[in-house]
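Novice: Prediction below, plus the sequence it came from.
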Protein chains: 2
Amino acid sequence: MKEHHCTSIVPLFNHLSEEEQDKIESLVIHRHFNKGETVWQPGDDPLLIIVASGSMKVYMIAGNGREQLLRLLTPGSYEGANALLGARAQDLFIDTLEATDACLLRKSDFTALLEKTPKLALKLLEINAQRMADTENQTRFLMMERVETRLSAYLLSLSLLSGGAADLEIPMKMKDLSAYLGTTPETLSRKLHLLEETNLISRKGKKSSAMLKLDRGGIRI
Amino acid sequence: MKEHHCTSIVPLFNHLSEEEQDKIESLVIHRHFNKGETVWQPGDDPLLIIVASGSMKVYMIAGNGREQLLRLLTPGSYEGANALLGARAQDLFIDTLEATDACLLRKSDFTALLEKTPKLALKLLEINAQRMADTENQTRFLMMERVETRLSAYLLSLSLLSGGAADLEIPMKMKDLSAYLGTTPETLSRKLHLLEETNLISRKGKKSSAMLKLDRGGIRI
DNA sequence: CGGAGGATTGAGGGAAGTCAATGCCGGTGG
DNA sequence: CCACCGGCATTGACTTCCCTCAATCCTCCG
């Protein structure tokens, strides 16, 4: 079995010296998760979770039972630093979306690391600052705009992430996308249909995660 | 003129030694703002803004022109750390709500401080983690629940902040509260009226910031 | 081939936003 | 000191978006 080395792929760690990385690697617990497993839920011990391969979704559950998808974790991203730093419980759930390898770091090990490695604290601050800004933008966005606008912006950002490609594949199920956009599968379906009718996109109706194409040079929001 | 000493009232700094605090104090720019002034807006230089007395509102402006109030800054809270740490622009605006004294810290001074004071980085991480968790909770809340629920929860949290008091005063104009709750003044007005009709609250129709009372042992959400 | 979960489509209703008019308070200037 | 003005709050009527419920279709997989 090929060992995955989390430290080298995580922006949080990969700027450290090889020696330091080795030390972290020795503290880390490697685990494999199957598709659809719950990696973390409220009540579990605080844990730094680093995705080595595969993907996870981080979501909350609201009073009415609907889930709000907060973000996807792809290889190199992590979750749980906040809880490790003493933030109040957040009622977060983390599930895998596919077979996933992850590295886990215990709270005690993590805090010890932080105290011994000032560089790490600075890096973490930097990453957190960006994440904070993104979250705030997401908040504004979800709050203020209509579903259609949110969807368009999402597609556009997806396209930008892949270097402005016109063809793109939605990296999750429609059900999850609707949760991410703060709406329902039904509404999402309708809105996609609408964008299609307006010739703004065309869909290669594939399996679950649809392949689609931004027509006419993309989407205006 | 009485000098305000920001460092001693800010959780971010007040755990440091007196010597360290004095040093920070020497770097800080003290400024007074009048009511309704804009303290910071997109395009301005990154700045750490610490509120010594008075209050400010931090908000964003959405595509449709409506503003989303993100949080209020009261004495001891600060804003701008993210931008100082290199986070992408956020299109934040910061206005004073009343006459306000603030301490400003330049980006260069701030980063120098951070590098020289590891304790500070850790503290900042801790505070940021909590703030991050709060923001995430706010996201979920704004997204998922109805205006009436958001309002009730807000009133309840306000009451809890003042030690469970039944009488409370809303610390901002209705217009701002509606932006904070992600709705419009009209809807807010209607919802307050509704809570009143149900005998859940009673209002001492004061001036702008209303005084109100939670009846029947409070609000159920 | 059949089942299950996801996606789609349709019908209907409800929550909240918009537009517009009026009322209220507080501040300003004569 | 009082009258006027301006911003904010309130109320009403209407509209719109999107959620809910329910049925059907599709796709993947055993």
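Specialist: Perfect, thanks for sending it.

Novice: does any bit of the helix or strand encompassing A:Arg131 sit next to chain B?
Specialist: Assigned by DSSP states H and E, A:Arg131 falls within helix A:118-144. Yes: legend: contact between helix A:118-144 and chain B by C-beta under 8 Å from any C-beta of the partner chain is shown at A:118, A:121-122, A:124-126, A:128-133, A:135-144. Glycine gets a C-beta too; all of them are placed from N, C-alpha and C.

Novice: Show me how to select, in PyMOL, the buried members of the residues you listed.
Specialist: Buried members of these, defined by 16 or more other C-beta atoms under 10 Å in any protein chain shown, are picked up in PyMOL with:
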select buried, chain A and resi 118+121+122+124+125+126+128+129+131+132+133+135+136+138+139+140+141+142+143+144
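
Novice: Distance from the helix holding A:Arg131 to the middle of the chain?
Specialist: Computed by C-alpha atoms, centre = their mean, to the nearest Å, the chain-centroid distance of helix A:118-144 equals 13 Å.

Novice: That helix: what's the following helix or strand?
Specialist: Toward the C-terminus from helix A:118-144 - assigned by DSSP H and E - lies helix A:147-161.

Novice: And that following helix, what does it pack against?
Specialist: On a contact count with 3 or more C-beta pairs under 8 Å, 6 or more residues apart in numbering or on different chains; DSSP states H and E, helix A:147-161 meets helix A:118-144, strand A:167-169, helix A:185-197, strand A:211-214.

Novice: Next one: A:Pro185 from DNA strand C, what distance?
Specialist: Distance, A:Pro185 to DNA strand C, using C-beta to the nearest atom of the strand, to the nearest Å: 4 Å.

Novice: Sketch out the low-pLDDT regions of chain A for me.
Specialist: Along chain A, the model assigns pLDDT under 70 to residues A:1-4, A:63, A:86-89, A:205-221.

Novice: Check the burial of the residue nearest to A:Lys119 when sequence neighbours are not counted by counting its neighbours.
Specialist: Using C-beta to C-beta, 6 or more residues apart in numbering or on different chains and skipping residues adjacent in sequence, the residue nearest A:Lys119 is A:Leu16, 6.8 Å away. Residue crowding around A:Leu16 was assessed by other C-beta atoms under 10 Å in any protein chain shown; the count is 19.

Novice: and A:Leu16, what helix or strand is that in?
Specialist: Applying DSSP H and E, one finds A:Leu16 in no helix or strand.

Novice: which residue is nearest the centroid of chain A?
Specialist: Using C-alpha atoms, centre = their mean, the residue of chain A that lies closest to the mean C-alpha position is A:Leu72, 2.0 Å off.

Novice: could you list every residue that touches the residue nearest to A:Lys119?
Specialist: By C-beta atoms under 8 Å, 6 or more residues apart in numbering or on different chains, A:Leu16 lies in contact with A:7, A:24, A:117, A:119-120.

Novice: Distance to A:Ala165 for these - can I get that in JSON lines?
Specialist: Output for those, formatted as JSON lines (distance: C-beta to C-beta, whole Å):
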{"residue": "A:Thr7", "distance to A:Ala165": "31"}
{"residue": "A:Ile24", "distance to A:Ala165": "35"}
{"residue": "A:Thr117", "distance to A:Ala165": "38"}
{"residue": "A:Lys119", "distance to A:Ala165": "36"}
{"residue": "A:Leu120", "distance to A:Ala165": "35"}
